[in-house]
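**Student:** For reference, the sequence and a predicted model appear below.
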Amino acid sequence: MQKDNTSTPSTPTARVRHRRRSNEVVPDVSKANGNLLVDDRNKYRSMWIRAYSSIWMIGGFALIIYLGHLCITAMVVVIQIYMAKELFNLLRKAHEDRHLPGFRLLNWHFFFTAMLFVYGRILSQRLVSTVTPDKFLYQLVSSLIKYQMVICYSLYISGFVWFILTLKKKMYKYQFGQYAWTHMILIVVFTQSSFTVANIFEGIFWFLLPATLIAINDIAAYFFGFFFGRTPLIKLSPKKTWEGFIGASITTIVSAFLLANVMGRYQWLTCPRKDLSTGWLQCDPGPLFKPYTFILPGWVPQWFPWKEISVLPVQWHALCLGLFASIIAPFGGFFASGFKRAFKVKDFGDSIPGHGGITDRMDCQMVMAVFAYIYHQSFVVPQSVSVEVIWDQILVNLSFEEQQALYVKLRDILQERLLGQS
């Protein structure tokens, strides 16, 4: 009579398989159905940590906005440095770096060269306007601006030569990969920052409103998804839900219309900064920031207390910004999620508790900053050349002697026209 060995595994392979079967975890039915566990303690703990960090960030951000254009620009620079640090570390391999002394320093050399080029181009006119009263400083700054491209190109070429001289056998692939990665970081980081700084000096309003709308959209999407989220939105971000996306979109668009009315009434936020001073701003707000009375249509319910409201024309532009911030800008976050999945990391860093790294918070801001600048230049700024633009070009591109010659020539032309009219 033979023994039945099918019920009791006798071989090592069978025993291993038996242990693996015993360790299998029964899948959570609620998660399989796409439902969120609202009563999960870890979920609530993560929410409070995230909320606490958000309060500190919003408070610090409000203080920097109060301090003015230069402090906001300095904040952007600090954010850039942290973003570059997180992205540099993403593909860094400690073993290879030990055999390449000074290789990390080369990355930062390219970074600060790009910073000098970008900010030199953006702030040159403001810098000239700031130092114009002093002849020596004016000549020095004019020379630096004139030869800025040569200086930046020389720094870049020196870094290029430095890179070639540091190439080591059996490490070419790693070094060239890091070289390409560094240049991609420069494009991503400085594309966003250049548009952001340009928005700041066009008026803090054009920086603050888009940035605030992204923050509102992010917070609203989190809370709507936390309490009402049931339907997954996109596979790249499993925690994103349609309920959170729709709720955040409505909240963002309404907030854009209301916040534009509040922000648009402060000259500190609406006046452009023509120099690098820190004094209080006074200017003609322009037609976009001058309120007009809007009479409500007849279909408004009778119980509504207002029959007319005060509206700023810029509020209609704000609706376009809110629409973009709620529908298109979140795709910057989806792109970042896919990027992190490609490199198998949860966050770009851990500098902000509950949020991850600086880059995790700036993914949508990068998309929004570019759109805000393009929209402002296309639909808000007058397309004709103004006297202020011509004056800025004269101050930046002409020497003191050339400016004197231009003044004499304009004086002669105007005198001839006055004599001809008389």
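**Tutor:** Happy to help now that I have it.
**Student:** switch to C-alpha atoms for all contacts and neighbour counts from now on
**Tutor:** Noted.
**Student:** what are the ranges of the strands in this structure?
**Tutor:** Here the chain has its strands, by DSSP state E, at 232-234, 237-241, 292-295, 308-311.
**Student:** and the third one, what does it pack onto?
**Tutor:** It stands for strand 292-295. strand 308-311 (3 or more C-alpha pairs under 8 Å, 6 or more residues apart in numbering; DSSP states H and E).
**Student:** and what of the first one?
**Tutor:** Contacts of strand 232-234 with other secondary structure elements, assessed using 3+ C-alpha pairs under 8 Å, 6+ apart, are made with strand 237-241, helix 242-263.
**Student:** do the same with the second one
**Tutor:** Contacts defined by 3+ C-alpha pairs under 8 Å, 6+ apart place strand 237-241 against helix 205-228, strand 232-234.
**Student:** winner for burial among those?
**Tutor:** helix 205-228 (a mean of 21; mean count of other C-alpha atoms under 10 Å).
**Student:** if we can go back for a sec, pipe the strands of the chain into JSON lines and attach mean pLDDT and distance to Gly247 per row.
**Tutor:** Output for these, formatted as JSON lines (pLDDT from 0 to 100; distance: least, C-alpha to C-alpha, whole Å):
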{"stretch": "strand 232-234", "mean pLDDT": "87", "distance to Gly247": "13"}
{"stretch": "strand 237-241", "mean pLDDT": "83", "distance to Gly247": "10"}
{"stretch": "strand 292-295", "mean pLDDT": "86", "distance to Gly247": "28"}
{"stretch": "strand 308-311", "mean pLDDT": "88", "distance to Gly247": "25"}
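**Student:** how close does the closest residue to Ser326 other than its chain neighbours get to Cys283?
**Tutor:** Distances taken as C-alpha to C-alpha, 6 or more residues apart in numbering place Ser249 nearest to Ser326, at 4.6 Å, with adjacent residues excluded. The gap separating Ser249 from Cys283 is 34 Å, by C-alpha to C-alpha, to the nearest Å.
**Student:** Mind checking which of the two has more residues around it?
**Tutor:** Ser249 (23 against 11; other C-alpha atoms under 10 Å).
**Student:** in this protein, which ranges drop under the pLDDT threshold?
**Tutor:** 1-41, 43, 132-134, 353-356, 383-386, 388-389, 396, 422 (pLDDT under 70).
**Student:** Walk me through the domains of this structure.
**Tutor:** 69-203, 208-381, 384-422 (automatic domain parsing).
**Student:** For Tyr44, which of these is the nearest?
**Tutor:** domain 208-381 (9.4 Å; C-alpha to C-alpha).
**Student:** can you map out the helices along the stretch 51-200 of the chain?
**Tutor:** Under the criterion DSSP state H, counting those that start in this stretch, the stretch 51-200 of the chain contains helices at 69-90, 94-98, 103-131, 135-146, 148-165, 172-202.
**Student:** Pull the distance from the third one to the chain's centre.
**Tutor:** Centroid separation for helix 103-131 versus its chain: 18 Å, with C-alpha atoms, centre = their mean, to the nearest Å.
**Student:** which of the residues in that helix are buried?
**Tutor:** 103, 106-120, 123-131 (16 or more other C-alpha atoms under 10 Å).
**Student:** quick revisit: can you tell which of the helices of the stretch 51-200 of the chain is closest to Arg417?
**Tutor:** helix 103-131 (30.8 Å).
**Student:** which other helices and strands contact that closest one?
**Tutor:** Using 3+ C-alpha pairs under 8 Å, 6+ apart: helix 103-131 touches helix 135-146, helix 148-165, helix 172-202, helix 387-397.
**Student:** quick one, what contacts Thr182?
**Tutor:** 88, 107, 110 (C-alpha atoms under 8 Å, 6 or more residues apart in numbering).
**Student:** go with 7 Å
**Tutor:** Asn107 (C-alpha atoms under 7 Å, 6 or more residues apart in numbering).
**Student:** Ok, Thr359 next?
**Tutor:** Thr359 touches 83, 348, counting by C-alpha under 7 Å, 6+ apart.
**Student:** cool, and Cys364?
**Tutor:** Per C-alpha under 7 Å, 6+ apart, neighbours of Cys364: 214, 329-330, 332-333.
**Student:** May I ask which of those residues has the most neighbours?
**Tutor:** Ile214 (25 neighbours).
**Student:** Quick check: closest non-adjacent residue to that residue.
**Tutor:** Ala325 (5.9 Å).
**Student:** How many residues are close by the one you found?
**Tutor:** 32.
**Student:** With Lys290 instead?
**Tutor:** Around Lys290 there are 15 residues (other C-alpha under 10 Å).
**Student:** Gly338 now?
**Tutor:** Gly338 has 15 nearby residues by other C-alpha under 10 Å.
**Student:** Test my guess that it contacts Leu236.
**Tutor:** Yes - in this structure, Gly338 is within contact of Leu236 by C-alpha atoms under 7 Å, at 5.7 Å.
**Student:** re earlier: out of the helices and strands packed on strand 237-241, which is closest to Trp303?
**Tutor:** helix 205-228 (29.3 Å).
**Student:** so what secondary structure elements neighbour that closest one?
**Tutor:** helix 172-202, helix 242-263, helix 314-327, helix 358-375 (3 or more C-alpha pairs under 7 Å, 6 or more residues apart in numbering; DSSP states H and E).
**Student:** out of those, nearest to Tyr156?
**Tutor:** helix 172-202 (11.4 Å).
**Student:** Tell me what angle the closest one forms with helix 103-131.
**Tutor:** 20 degrees (axes from the mean of the first three to the mean of the last three C-alpha atoms, to 10 degrees).
**Student:** gap between Asp347 and Ala220?
**Tutor:** 21 Å.
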